[in-house]
Each structure stands twice: as structure tokens, then as C-alpha cells.
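K.L.:
Task: produce atomic coordinates for the following.
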Amino acid sequence: MTNEIQTCTPNTCAPTAPAKQTRAFLPAADVRETEDAAHIACDVPGADPESVELRVEDDVLTLSTTPRETDSQSESPSGSLLAEWRPRRYRRSFRLGRDLDRDAIEATLEHGVLHITVPKRAEARPRTIPVRISA
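P.N.:
Numbers count the residues shown, from 1 in each chain. Have a look, this model is predicted:
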């Protein structure tokens with residue numbers, strides 16, 4: 001197997017510079033490869049499922065989220081006795097290898113973990129070639 005996905009830092013893999021730089025957390029990620037696909041799991045606790053965006057541009061898959069406003073944020077700061085947790089903005093990019101099918105990417109969000117599956121193109125998958133016996 002080959003390394004079909006490379007992780008990117010905010011200074012690398014960016015297909016285009018974001019119009020507005022905002023502070024975003026880099027979510028922890030696990031990347032694994034099987035014969036049929038590459039699998040990415042990213043921790044995005046507290047992310048609003050409606051705000052999760054996956055975008056592919058120039059062989060770079062980018063995950064981004066926008067934090068939702070909580071009830072404690074909409075109240076005046078003087079009303080809070082203690083507010084240690086705030087929703088976070090997440091952003092992480094991955095460079096995709098040429099053997100991956102960008103048009104068939106699937107993602108599910110479950111218990112604060114975003115699971116992304118990037119299938120391999122049919123021609124990149126291992127296959128068994130039958131051997132004929134000549135008479």
C-alpha cells in the first residue's frame with residue numbers, strides 16, 4: 001500500500017489563501033488505508049453538524065466548521081459565573097493521492113467524530129488476474 005493521504009499544516013497544501021484568517025483549531029486525526037479506500041477520522045467535539053464543510057480543491061481535501069452560538073454566549077458576560085468551554089472553529093487539510101476518487105467521498109458525523117471515506121479508483125485497487133492453462 002502507498003501513502004495516499006498527506007496531512008497539511010496551515011502553511012502547506014493550501015490551494016488558495018483564505019479570504020479572512022480566523023483562528024481555528026487543528027482537530028486530531030487518524031488516517032488509515034485499506035485495499036479499497038483511505039479513511040480519515042477527525043475529532044470535532046461540539047461542532048454543529050450543519051456547519052461541517054468538506055471541500056476538494058487542487059487535490060486538497062479541507063474540513064472546516066463554524067461554531068454555533070450557545071445560550072451562554074448569547075447572554076451578557078456578566079450573567080455567567082463560569083464559562084470555560086466555547087464552541088470551536090475547526091480546520092484541517094489533507095493532500096489526496098492520485099489513486100483516490102475525489103467524486104465518491106463520503107462523510108458521517110457521529111459523537112463528535114467526523115468519519116471520511118475516500119474510495120480508491122477502480123484501476124488503483126488490487127485485483128487478481130486469472131491464469132489460464134494452455135493445453
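K.L.:
Can you get me a residue count around the residue lying closest to Ala37 once chain neighbours are set aside?
P.N.:
Take Ala37 and drop its neighbours on the chain: the residue closest to it by CB to CB, 6 or more residues apart in numbering is Pro119, 4.5 Å away. From N, CA and C alone the C-beta is placed, and that goes for glycine too. By other CB atoms under 10 Å, 19 other residues sit near Pro119.
K.L.:
Secondary structure element holding Pro119?
P.N.:
Of the helices and strands defined by DSSP states H and E, Pro119 is found in strand 113-119.
K.L.:
Then Ala41?
P.N.:
Assigned by DSSP H and E, Ala41 falls in strand 37-43.
K.L.:
buried ones in that strand?
P.N.:
Using 16 or more other CB atoms under 10 Å as the burial criterion, the residues of strand 37-43 that qualify are 37-38, 40, 42.
K.L.:
what about stretch 68-81, start to end distance?
P.N.:
Stretch 68-81 has an end-to-end distance of 21 Å (criterion: CA to CA, to the nearest Å).
K.L.:
still on that earlier bit, any idea how far the strand holding Ala41 is from the middle of the chain?
P.N.:
Centroid separation for strand 37-43 versus its chain: 7 Å, with CA atoms, centre = their mean, to the nearest Å.
K.L.:
before we move on, what about stretch 24-43?
P.N.:
That offset, for stretch 24-43, works out to 7 Å (CA atoms, centre = their mean).
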